[in-house]
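Enquirer: no sequence on this one, just coordinates:
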């Protein structure tokens, strides 16, 4: 039995949808804490088949997008409010509505002035808003992503998408951090600096935070090029230094990034982050040679490592699983998910560890679980264990 306020909310939702005045609806506050579904975002779109509702099902590690006709979409929203979520926020052209459903199914309904400007069209394929602006963006021009007219070069459109997806993935983790003024970000193995420049730009110019950032790169020619570009872009707190992940003197690190650090270089980066007590550690590993060479499987799983390509994939899974578990053992809330789709780069797994003072990990239990996994695959030692002294 729906509470009166819930009925009012659904009735107004239907009116706004039918009048084409719905701007956005989001359902949050999941009823089942174990559910992987975090929220549902609904917007109106005009497709070839007509006016529809576009649903984004936001999970922990992926988004699923589906379109429904009006009647079916409204029915799905009502069911989700009854079964999956406690909170609903409706943004329309004339007002905002906020509904909070209590555990006893009573509901509180609040209205407020509209806060979202109505779009001129509901078309589904309008240009996606990007976090990294191209207009008069010096580093994008110097890196060859845009031309002299601040237009994306056709051959660099995938790189521009990659940069923005990288920032979009980091943004939620960055928003949950408590950092000091002028905190220090280190990008280990910064290469040509595409992602380093973009992150500094986002933190400094989009979030307006005081940040100093260091890119560490072994190739001296790239260090010189990146420092020249940083100077041209007036990025005064961004610098690049020649060095290696394990040896470069960096001082305290608040956020550590290591993308595509080969084989055990990823472990060196994770170790430096843990050692420094970094609030956030972000890695996209590649070339998992150490564990692949360490496999000595003599049980029923021997066939899994019998074939070269399957052994390689298994080594990736085991290596990154153990890395994530060790981060958890040292007090990091850890997630592993896809970074960039394979059409852009084959290196598509990202490990993110966020230091939390709320959790109290059972370190011994985690280490015992790690030992069991190693036993199954005949692994004597993971390189990161050696660094951490466990």
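Expert: Nice, thanks for sending it over. Predicted model only: the values in this text are computed from it and were never measured.
Enquirer: Going by C-alpha atoms from here, please, whenever you check contacts or count neighbours.
Expert: Noted.
Enquirer: gap between the closest residue to residue 177 other than its chain neighbours and residue 180?
Expert: Closest residue to residue 177 apart from its sequence neighbours, by C-alpha to C-alpha, 6 or more residues apart in numbering: residue 279 at 7.0 Å. The gap separating residue 279 from residue 180 is 11 Å, by C-alpha to C-alpha, to the nearest Å.
Enquirer: Who are the contact partners of residue 147?
Expert: The contact partners of residue 147, by C-alpha atoms under 8 Å, 6 or more residues apart in numbering, come to 141, 153.
Enquirer: Could you check how far it is from residue 381?
Expert: The gap separating residue 147 from residue 381 is 50 Å, by C-alpha to C-alpha.
Enquirer: Find the least confident helix or strand in this protein, judged by mean pLDDT.
Expert: strand 63-68 (a mean of 85; mean pLDDT, DSSP states H and E).
Enquirer: Wait, a strand at residue 46?
Expert: Yes. With DSSP: H, G, I helix; E, B strand; the rest coil as the criterion, residue 46 is assigned to a strand.
Enquirer: picking up where we left off before, mind listing the strands the least confident helix or strand of the chain pairs with, and their directions?
Expert: Here strand 63-68 is paired, per DSSP bridges, with strand 50-59 (antiparallel).
Enquirer: tilt between the helix or strand that contains residue 40 and strand 50-59?
Expert: Assigned by DSSP states H and E, residue 40 belongs to strand 37-47. Counting by axes from the mean of the first three to the mean of the last three C-alpha atoms, to 10 degrees, strand 37-47 lies at 160 degrees to strand 50-59.
Enquirer: Would you mark the buried spots in strand 37-47?
Expert: Within strand 37-47, the residues that count as buried by 16 or more other C-alpha atoms under 10 Å are 37, 38, 39, 40, 41, 42, 43, 44, 45.
Enquirer: Adding pLDDT, write these out as TSV.
Expert: TSV is the format used below for these (pLDDT from 0 to 100):
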residue	pLDDT
37	92
38	91
39	93
40	94
41	92
42	92
43	89
44	87
45	82
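Enquirer: need the residues you listed in a markdown table with distance to residue 363, can you?
Expert: Shown next, in a markdown table, are the buried residues of strand 37-47 (distance: C-alpha to C-alpha, whole Å):
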| residue | distance to residue 363 |
| --- | --- |
| 37 | 28 |
| 38 | 28 |
| 39 | 31 |
| 40 | 35 |
| 41 | 37 |
| 42 | 41 |
| 43 | 44 |
| 44 | 48 |
| 45 | 49 |
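Enquirer: what about the stretch 251-390 of the chain, any weak spots by pLDDT?
Expert: 339-347, 358-359 (pLDDT under 70).
Enquirer: show me where it has helices.
Expert: 265-276, 289-294, 308-329, 363-376, 383-388 (DSSP state H, counting those that start in this stretch).
Enquirer: Which parts of the stretch 51-200 of the chain are strands?
Expert: For the stretch 51-200 of the chain, the strands defined by DSSP state E, counting those that start in this stretch cover 63-68, 85-92, 96-101, 107-112, 183-188.
Enquirer: and the last one, what's its mean pLDDT?
Expert: Computed over strand 183-188, the mean pLDDT rounds to 97.
Enquirer: okay, residue 167: pLDDT?
Expert: pLDDT at residue 167 comes out at 91.
Enquirer: tally of neighbours for residue 247?
Expert: The number of residues packed around residue 247, counting by other C-alpha atoms under 10 Å, is 9.
Enquirer: That one: what secondary structure?
Expert: Classified using three-state DSSP, residue 247 is coil.
Enquirer: which residues does it contact?
Expert: Going by C-alpha under 8 Å, 6+ apart, residue 247 touches no other residue.
Enquirer: Same question for the helix or strand where residue 228 lies: list its buried residues.
Expert: Using DSSP H and E, residue 228 maps to helix 220-232. Counting neighbours by 16+ other C-alpha under 10 Å, one finds that the buried residues in helix 220-232 are 222, 223, 226, 227, 228, 229, 230.
Enquirer: For the fourth one, give its distance to residue 241.
Expert: As for residue 227, its distance to residue 241 is 9 Å (criterion: C-alpha to C-alpha).
Enquirer: try residue 46
Expert: Counting by C-alpha to C-alpha - residue 46 and residue 241 are separated by 50 Å.
Enquirer: cool, residue 389 as well?
Expert: Note on residue 389: its distance to residue 241, by C-alpha to C-alpha, is 29 Å.
Enquirer: Neighbour count for these two, which is higher?
Expert: Set side by side, residue 389 and residue 241 show more neighbours around residue 241, with 21 against 7, by other C-alpha under 10 Å.
Enquirer: Neighbours of the nearest residue to that one once chain neighbours are set aside, how many?
Expert: Closest residue to residue 241 apart from its sequence neighbours, by C-alpha to C-alpha, 6+ apart: residue 216 at 5.2 Å. Here the count is done by other C-alpha under 10 Å, and residue 216 has 24 residues near it.
Enquirer: In its sheet, which strands sit next to the host helix or strand of residue 216, and in what direction?
Expert: According to DSSP H and E, residue 216 maps onto strand 211-217. Strands that pair with strand 211-217, judged by DSSP bridges, come out as strand 183-188 (parallel), strand 238-242 (parallel).
Enquirer: To residue 252, which of those lies closest?
Expert: For the strands paired with strand 211-217, proximity to residue 252 was assessed by C-alpha to C-alpha; strand 183-188 is nearest, at 7.1 Å.
Enquirer: Alright, calling it a day.
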